[in-house]
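Visitor: Give me a model of this one.
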Amino acid sequence: MALRMGSLYDALLAAHISEDQARKAAEEVADYHERIGRIERDLGLLKWMVTTNVLLTVGVLGRLLFIR
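Guide: This next block holds a predicted model:
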């Protein structure tokens, strides 16, 4: 069974949406929430990689241009 967002499910039921539709909608939102979480983790890794690359590039350029 897929994860559900309980408060969304309860709100949809309170709005007189059928139980099946409320369940499907809550599961779909939970799936998107999980996907966004994975994207945020990947962005954290990419930020770290870009920062490391920039620092190494600046270091190499600094050594080539200013140290003789």
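Visitor: Would you mind pointing out the helix or strand residue 23 falls in?
Guide: helix 19-66 (DSSP states H and E).
Visitor: how about low-confidence regions in this structure?
Guide: 1-4, 68 (pLDDT under 70).
Visitor: let's go with 50 and repeat that
Guide: For the chain, the stretches with pLDDT under 50 are 1.
Visitor: tell me how far the helix holding residue 23 is from the chain's mean position?
Guide: In terms of CA atoms, centre = their mean, to the nearest Å, the centre of helix 19-66 is set 7 Å apart from its chain centre.
Visitor: elements contacting it?
Guide: Contacts defined by 3 or more CB pairs under 8 Å, 6 or more residues apart in numbering; DSSP states H and E place helix 19-66 against helix 6-14. Where you see a C-beta, it was placed from the backbone N, CA and C, and this is true even at glycine.
Visitor: For residue 18, give me phi and psi.
Guide: Phi and psi for residue 18, reported as degrees, to the nearest 10, are phi -60, psi 150.
Visitor: List the residues that contact it.
Guide: Counting by CB atoms under 8 Å, 6 or more residues apart in numbering, residue 18 touches no other residue.
Visitor: And it, how far from residue 12?
Guide: Computed as CB to CB, to the nearest Å, the residue 18 to residue 12 distance reads 9 Å.
Visitor: Residue 59 now?
Guide: 55 Å.
Visitor: Neighbour count for the two, which is higher?
Guide: Just comparing residue 59 and residue 12: by other CB atoms under 10 Å the higher neighbour count belongs to residue 12, 19 against 10.
Visitor: Now the common contact residues for residue 18 and residue 12.
Guide: In contact with both residue 18 and residue 12: no residue, using CB under 8 Å, 6+ apart.
Visitor: list the contacts for residue 19?
Guide: Per CB under 8 Å, 6+ apart, neighbours of residue 19: residue 13.
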